[in-house]
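Asks: Using only what follows, build the 3D model:
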Amino acid sequence: MQQADPRLQHIYNTHYIKREKEFIELLFVISEKSIEEVITAIETLKKVSPLDISTEKIKAIINRNSDDISMNYVDNDTSGIIEKSRDMLNKFKNLIPMSSEEFNKEVAVI
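Replies: Predicted structure coming up:
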């Protein structure tokens, strides 16, 4: 642990002493995401509950943030599709009679 990144040492010494198994899980999270994301999540957790920081909570915050980013990406990328879909729905709406009176005037198909 002495050769590890000083940020990892600080996280371990501050939040994971005597919780080595959970710290190993955190190392997997760091390998999947980044240490910067983990540190940001820890800072967010400190604001809410400084004494109760766990790997599960860190993962939840990181995943929540990545979901927000991916939703923004989808919204920006699919705005043309959404616009075309709404246009098509409006065209379908115009095919349907607006009142029951207009519906009754339609010719019966036999």
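
Asks: CA only for contacts and neighbour counts going forward, please
Replies: Will do.

Asks: Could you tell me how far Lys59 is located from Ser85?
Replies: Shown here: Lys59 relative to Ser85, a distance of 36 Å by C-alpha to C-alpha, to the nearest Å.

Asks: okay, the two: which has more neighbours?
Replies: Under the criterion of other C-alpha atoms under 10 Å, the comparison of Lys59 against Ser85 puts Lys59 first, with 20 against 12.

Asks: Please identify which helix or strand holds that one.
Replies: helix 55-77 (DSSP states H and E).

Asks: which sections of the protein are below the confidence cut-off?
Replies: Along the chain, the model assigns pLDDT under 70 to residues 1, 66-77, 97-110.

Asks: where along it do the helices fall?
Replies: Under the criterion DSSP state H, the chain contains helices at 6-15, 20-32, 35-48, 55-77, 79-95, 100-105.

Asks: For Ile96, list the residues it contacts.
Replies: Residues near Ile96 by C-alpha atoms under 8 Å, 6 or more residues apart in numbering: none.

Asks: Next, Arg19: phi, psi?
Replies: As for Arg19, its main-chain torsions (degrees, to the nearest 10) stand at phi -130, psi 50.

Asks: Distance-wise, check it relative to Tyr12.
Replies: With distances taken as C-alpha to C-alpha, Arg19 is found 9 Å from Tyr12.

Asks: Tell me which of the two has more neighbours.
Replies: Ranked by neighbour count (other C-alpha under 10 Å), Arg19 and Tyr12 place Tyr12 first, with 17 against 11.

Asks: give the contact list for the nearest residue to the more buried one once chain neighbours are set aside.
Replies: Closest residue in space to Tyr12, ignoring its immediate chain neighbours: Phe23 at 7.0 Å, by C-alpha to C-alpha, 6 or more residues apart in numbering. With contacts defined as C-alpha under 8 Å, 6+ apart, Phe23 is in contact with 12, 16, 55.
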